[in-house]
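>>> sharing a sequence plus its predicted fold:
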Amino acid sequence: MVQPSENTLGATPSIAAPSLFSLEGKNVLITGATRGIGASCALALAQSGARCCLVVRPGHGHSSEEHPALQPLKHTSARHAIVETDLSDMSQVSTTFDRALGVMDGKIDVLVNCGGIQRRHPAVDFPLSDWQEVIDVNLNSVFVLCQAAGRHMVPRRQGKIINFCSLLSEQGGLTVPAYAASKAAVANITRSLSNEWSKHNVNVNGITPDPTRLRQISERIPAGRWGSPQDFAGPVVFLASEASKYVSGEVLVVDGGWMGR
């Protein structure tokens, strides 16, 4: 592998194309991996050779080895782990990365921020408590984890950060002002951190899934179907691997052609 020089993004390794997508020896910290897109991404990363640490909500009453979120990963070769965190509680979020380092042999190579919540009210009636919860989970926790990752990755001159955004960051949505605001901010945090950290050989990118599942939207998706969780497995492996070494500051839209309309 070509080693990065000072103040540059590292070169793409001169190796066989399939090997560019291998995550063997990589440690991944991922939020939102207990279901849906996050669970599919965690499985894909593990199948590609990564060891995954899943951020899960506290209080499930399971041991770290037997937590249900880990069961789909049991058939992969690595020994995976969990850390418990309520993403709406910044006092917990602020310790998450360090706790993950403690169970991942002191190294995190890839951070995936996939956790998020939605609250829907007309804007004139939107409760401030719901606004704050959405902003904390969808935005503040993302920044705090990215910041911790940067403090770990920048000195090492190695790392990947992948933030899940939303098409509502471009379109605004309806009765979801907090969600739209949080995801627009995540997209721009992604670009901002890339501007700072790409020269330190840390790639920061985003993935944007398709929009809210309304019938009138479904009829306009050129692909003719909604995306499934498995549709995001390939993109997250690509952005986590050396195959995307010269990709940074991008928000990859995975939407079946919706934004091309």
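On my side now, so go ahead. Everything quoted here is computed from the prediction, not taken from an experiment. Residues are numbered from 1 along each chain as shown.
>>> alpha carbons only for contacts and neighbour counts from here, please
OK.
>>> show me the contacts for residue 130.
Counting by Cα atoms under 8 Å, 6 or more residues apart in numbering, residue 130 makes contact with residue 119.
>>> look at it and give its secondary structure.
The three-state assignment at residue 130 reads helix, by DSSP: H, G, I helix; E, B strand; the rest coil.
>>> any weak-confidence spans in the stretch 51-200 of the chain?
By pLDDT under 70, the low-scoring segments of the stretch 51-200 of the chain are 60-64, 168-170.
>>> which parts of the stretch 151-261 of the chain are helices?
Under the criterion DSSP state H, counting those that start in this stretch, the stretch 151-261 of the chain contains helices at 168-171, 177-197, 215-218, 233-240.
>>> any idea which of the ones you listed gets closest to residue 78?
Among the helices of the stretch 151-261 of the chain, the nearest to residue 78 by Cα to Cα is helix 233-240 (16.2 Å).
>>> and that closest one, average pLDDT?
Mean pLDDT, helix 233-240: 97.
>>> can you measure across stretch 77-94, start residue to end residue?
End-to-end distance for stretch 77-94: 30 Å, by Cα to Cα, to the nearest Å.
>>> neighbouring contacts of it?
By Cα under 8 Å, 6+ apart, stretch 77-94 touches 46, 49-58, 64-65, 70, 73, 96, 99-100, 103-104, 133-134, 136-137, 140-141, 144-145.
>>> just the residues you listed: which are in strands?
Among the contacts of stretch 77-94, the residues falling in strands (DSSP state E) are 51-56.
>>> can you put those residues in CSV and add neighbour count and distance to residue 240?
Formatted as CSV, the ones in strands among the contacts of stretch 77-94 follow (neighbours: other Cα atoms under 10 Å; distance: Cα to Cα, whole Å):
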residue, neighbour count, distance to residue 240
51, 27, 12
52, 28, 12
53, 25, 14
54, 26, 16
55, 26, 18
56, 21, 21
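>>> can I get these in a markdown table with distance to residue 82?
Output for the ones in strands among the contacts of stretch 77-94, formatted as a markdown table (distance: Cα to Cα, whole Å):
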| residue | distance to residue 82 |
| --- | --- |
| 51 | 11 |
| 52 | 8 |
| 53 | 5 |
| 54 | 5 |
| 55 | 6 |
| 56 | 7 |
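>>> gap between residue 154 and residue 199?
From residue 154 over to residue 199 the distance is 9 Å, taken as Cα to Cα.
>>> so how many other residues sit close to residue 224?
Neighbours of residue 224 under the rule other Cα atoms under 10 Å: 12.
>>> could you check how far it is from residue 232?
Using Cα to Cα, we find residue 224 at a distance of 17 Å from residue 232.
>>> right, I'll leave it there.
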